[in-house]
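[1] A predicted structure for the sequence below; I have some questions about it.
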Amino acid sequence: MFEERLLLADGFVLEARILDDLEFSLSLRKGRTVLVEYNNASGYAFKSVEKLRYDFQRDVEDALRQG
C-alpha cells in the first residue's frame with residue numbers, strides 16, 4: 001500500500017493512494033474544490049502504475065497552469 005499527501009504552494013493539496021489490489025485514488029484539490037481526480041470509480045482505464053502516474057501528472061500540470 002502507498003499513501004502520500006503533499007501540500008503545495010498556493011493552497012494546493014496532492015493526495016495519492018494505491019492499494020495492493022490495484023484500488024487507487026489520486027487527486028489535486030485547492031481548498032474543497034477537486035481539480036483533478038482519478039480513482040477506480042472515475043472510469044480511468046488502469047493499465048500500469050507508470051501510465052497512471054504519467055496521465056495524472058499531465059492533468060495536474062494542466063490544472064496548475066490554469067489555476
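    That came in fine, so what should we check first? Keep in mind that what you see is a predicted model, and the values were worked out from it rather than measured.
[2] Which residue ranges of this protein form helices?
    Counting by DSSP state H, the chain has helices at residues 49-66.
[3] Look up which residues are beta-bridged to the most centrally placed residue in it.
    Taking Cα atoms, centre = their mean as the criterion, residue 26 is the residue nearest the geometric centre of the chain, at 2.8 Å. Following DSSP bridges, residue 26 is listed with bridge partners residue 16, residue 38.
[4] List the contacts of it.
    Applying Cβ atoms under 8 Å, 6 or more residues apart in numbering to residue 26 gives the contacts 15, 16, 17, 36, 37, 38, 39, 52, 56. For every residue, glycine as well, the C-beta is placed using N, CA and C.
[5] just the buried members of those?
    Listed as buried from these are 16, 36, 37, 38, 52, 56; burial here means 16 or more other Cβ atoms under 10 Å.
[6] Can you tell me how far residue 44 is from residue 10?
    Distance, residue 44 to residue 10, by Cβ to Cβ, to the nearest Å: 26 Å.
[7] which sections of this protein are below the confidence cut-off?
    67 (pLDDT under 70).
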